[in-house]
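Asks: Please work out how this folds:
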Amino acid sequence: MSPPVAPPGWSRWLVPPAALSVHLSIGQAYAWSVFKPPLESALGLSGTQSALPFQLGIVMLGLSAAFGGTLVERNGPRWAMTVALCCFSSGFLISALGAATEQYWLIVLGYGFVGGIGLGIGYISPVSTLIKWFPDRPGMATGIAIMGFGGGALIASPWSAQMLESFGDDSSGIALAFLVHGLSYAVFMSLGVLLVRVPRADPMRRDTGTATPTGPRVTARQAIRTPQFWCLWVVLCMNVTAGIGILEKAAPMITDFFADTSTTVSATAAAGFVALLSAANMAGRIGWSSTSDLIGRKNIYRLYLGVGALMYAAIALFGDSSKPLFILCALVILSFYGGGFATIPAYLKDLFGTHQVGAIHGRLLTAWSTAGVLGPLIVNWIADRQEEAGRTGASLYGLSFAIMIGLLVIGLVANELVRPVHPRHHVPAPRQEASDAARQQPKSA
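Replies: Sure thing, here's the model as predicted:
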C-alpha cells in the first residue's frame, strides 16, 4: 500500500487534487444540519439527540487522528486514504440500515463512530505530504487541500436537501439518501488513492525547485511536552468551538432567529444558508492560510479570535433585526473557522519542523474532538432549555453566544503566549542531511 514515489518531472501541483478528492468527500460532515430536522421528525429526537452522530464523528476524528497520526507517517498517504475511504463509506451504509430500521443507535454507530474514524484518518492523510511538496508555501499548500473539507458541504448540503425532497424526509427517504452518499463518496475518494504521490528524497528536487527543508526537528513525543503545543491546542479548541457551534445547527438556527419576524426562513433557504457557510469555510481555508504566509501565523490567529469575538457580539446584539447582518457575521466567523484549520499545520511546521508534523498535527486534533462536543452541546443544550422555558427566536441563543465570545478571548490569550520552541526539544538531523545542509551554506569570507 506504499504510495509510488513521484518520477522525475512529476508536477507537485497534481498532489493537491488528490487531497481534494478525499477532503471534499469527508467535508460532507458540515452538511449534517440538513439531516437534523428530518431525523427529529421521523425518529422523535430532540435537537441535542440529533446532534449526537455529528458530535461523535468529530470526537472520533480527533481521536483517530491522534492515535493514527504516527501510522499515517509510517505507512504513507495512500494507506491512509484507503482506510478513510473504507470507514467513511461504511459509516454511511451502516447509517442507511439504521434509518431504514428506525434504529437510531445504528446511525450514531455508523455516521459517528465508524465514519468518524474515516474523517480523522482522511483529514490528516495528505497534510505531511503536502508540506513536504511545498516547503516554500506551507500555508497555501495545506489551505488548498483542507479547503476541500470546508467546501464539502457546499456540494453535500443542496445535494442532500434535493435527495430528501425526492426520496421523502421519512426514515426510508433518509436511509436512501445515506446509501447514495456512501456509494458516491467511495467512488470519488478512490481518485485520491490512485493519484497521490510522495516526493523523492533528493536534497534538491528539479521538479519543484525547492531544497530539502531545514529548521526545527521535533518528534511528536517531544512536541506534546512543550508549552507551545498546549497553547496551540487551546487556540484551536476555542476557535473550533466558536465556529462549530453555528455550523452544526446552522439550518435550524437561522430559521429560529427570524421565526418571530416578517422575514421567515424556509427549509430550502436554510439549506442554502448552510451552503453559503460552507463556501465561506472553504474560502477562508485557502484565503486566510495563504495570507498567513505573508503576515505570520500569530498575527492571523489574532484576526481569527479577536474579530471573531466581535462578529459574535454583533449577531447577539443586532442579528435578529437584520438578516444581511446575521448572514455576513456568520460568514466571517466560518471563514475564520476554516482558516484556523488550514493555518494550524503551517503553524506547527514553523514551531516543530516537518520531521513528524503529520503525527503532531494528528495529536493536536484532539482539540477538535473536544470542540466537537463543546460547541454543539453549548448551543443545543442551552437552546433546548430556553425553549422549555417558553422563549423563542433569537433569545434561544443569547447565552450561548456570550459563552462563545468568552472562549474566543481565552484563545486569543493562549495565542499571545506562543513562543519559539526551545532547542532542548530538538532532535539532531541525520548525518547525511546535516552534511548536505552544511554544503549548501555559503562559505565565510
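Asks: what about the chain, any weak spots by pLDDT?
Replies: For the chain, the stretches flagged by pLDDT under 70 are 1-3, 150, 201-215, 429-445.
Asks: okay, stretch 82-100 in CSV with CA atoms only?
Replies: Below are the C-alpha coordinates for stretch 82-100, written out as CSV (Å, rounded to 0.1, in the frame of the first residue of the first chain):
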residue,chain,number,x,y,z
THR,A,82,-7.7,3.8,1.6
VAL,A,83,-8.6,3.4,5.3
ALA,A,84,-10.5,6.7,5.2
LEU,A,85,-12.5,5.6,2.1
CYS,A,86,-13.5,2.3,3.7
CYS,A,87,-14.5,3.8,7.1
PHE,A,88,-16.3,6.8,5.8
SER,A,89,-18.3,5.0,3.2
SER,A,90,-19.1,2.1,5.5
GLY,A,91,-20.4,4.6,8.1
PHE,A,92,-23.0,5.8,5.6
LEU,A,93,-24.1,2.3,4.8
ILE,A,94,-24.5,1.4,8.4
SER,A,95,-26.4,4.6,8.9
ALA,A,96,-28.7,3.8,6.0
LEU,A,97,-29.5,0.5,7.7
GLY,A,98,-30.2,2.3,10.9
ALA,A,99,-32.6,4.8,9.3
ALA,A,100,-34.4,2.0,7.3
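Asks: For Y337, see how far away M311 is.
Replies: Distance of M311 to Y337, given as C-beta to C-beta, to the nearest Å: 11 Å. Bear in mind the C-beta positions are built from the backbone N, C-alpha and C, glycine included.
Asks: These two: who's more crowded?
Replies: Per other C-beta atoms under 10 Å, whichever of M311 and Y337 has more neighbours is Y337, with 30 against 24.
Asks: The more buried one reaches A283, doesn't it?
Replies: No - assessed by C-beta atoms under 8 Å, Y337 is found out of contact with A283, at 11.5 Å.
Asks: Now A153: phi and psi?
Replies: Main-chain torsions, A153, degrees, to the nearest 10: phi -70, psi -20.
Asks: L277 is in contact with that one, correct?
Replies: Yes - under the criterion of C-beta under 8 Å, A153 makes contact with L277 at 7.4 Å.
Asks: For stretch 32-52, report the contacting residues that lie outside it.
Replies: With contact meaning C-beta atoms under 8 Å, 6 or more residues apart in numbering, stretch 32-52 is reached by 53-54, 57, 99, 102, 104, 107-108, 112, 156-157, 160-161, 164, 169-171, 173-174, 177, 247-252, 267, 271, 274, 376-377, 380-381, 383-384.
Asks: Buried residues in that stretch, which are they?
Replies: Burial within stretch 32-52, assessed by neighbour count using 16 or more other C-beta atoms under 10 Å, is assigned to 32-39, 42-43, 45, 47-52.
Asks: quick one: which of those residues sit in strands?
Replies: Using DSSP state E, no member of the buried residues of stretch 32-52 falls in strands.
Asks: Next step: those restricted to helices.
Replies: Those of the buried residues of stretch 32-52 mapping onto helices are 36-39, 42-43, 47-50, 52, per DSSP state H.
Asks: Skip the chain neighbours and tell me the closest residue to L93.
Replies: Nearest non-adjacent residue to L93, counting by C-beta to C-beta, 6 or more residues apart in numbering: G182, 4.6 Å away.
Asks: what's the answer for I155, then?
Replies: The shortest distance from I155 to any non-neighbouring residue, by C-beta to C-beta, 6+ apart, is to L24 (6.8 Å).
Asks: cool, A271 as well?
Replies: A161 (4.1 Å).
Asks: so the one you found sits right up against A269, yeah?
Replies: No - at 10.6 Å, A161 and A269 do not qualify as touching, with contact defined as C-beta under 8 Å.
Asks: So for those two, which residue has more residues nearby?
Replies: Neighbour count, other C-beta under 10 Å: between A161 and A269, A161 has more, with 24 against 14.
Asks: picking that back up, which SSE is the residue nearest to L93 in?
Replies: Here G182 sits within helix 171-195, counting by DSSP states H and E.
Asks: Buried residues, that helix. List them.
Replies: Buried residues in helix 171-195, counted by 16+ other C-beta under 10 Å: 171, 173-182, 184-186, 189-193, 195.
Asks: which stretches of the stretch 201-350 of the chain form strands?
Replies: Counting by DSSP state E, counting those that start in this stretch, the stretch 201-350 of the chain has strands at residues 204-205, 210-211.
Asks: give the contact list for V15.
Replies: Taking C-beta under 8 Å, 6+ apart, one finds 126, 129-130, 133, 195-197 in contact with V15.
Asks: which one among these gets closest to R78?
Replies: V196 (5.5 Å; C-beta to C-beta).
Asks: what's next to stretch 303-323, contact-wise?
Replies: With C-beta under 8 Å, 6+ apart as the criterion, stretch 303-323 contacts 235, 238-239, 242-243, 257-258, 260-261, 263, 288, 325-326, 329-330, 332-333, 336, 339-340, 393-394, 397-398, 401-402, 404-405, 408-409, 411-412, 415.
Asks: Pull out the buried residues from those.
Replies: Counted by 16+ other C-beta under 10 Å, the contacts of stretch 303-323 give 235, 238-239, 242-243, 257-258, 288, 325-326, 329-330, 332-333, 336, 339-340, 394, 397-398, 401, 404-405, 408, 411-412, 415 as buried.
Asks: So which of the residues you listed are in helices?
Replies: Members of the buried ones among the contacts of stretch 303-323 lying in helices (criterion: DSSP H): 235, 238-239, 242-243, 257, 288, 325-326, 329-330, 332-333, 336, 339-340, 398, 401, 404-405, 408, 411-412, 415.
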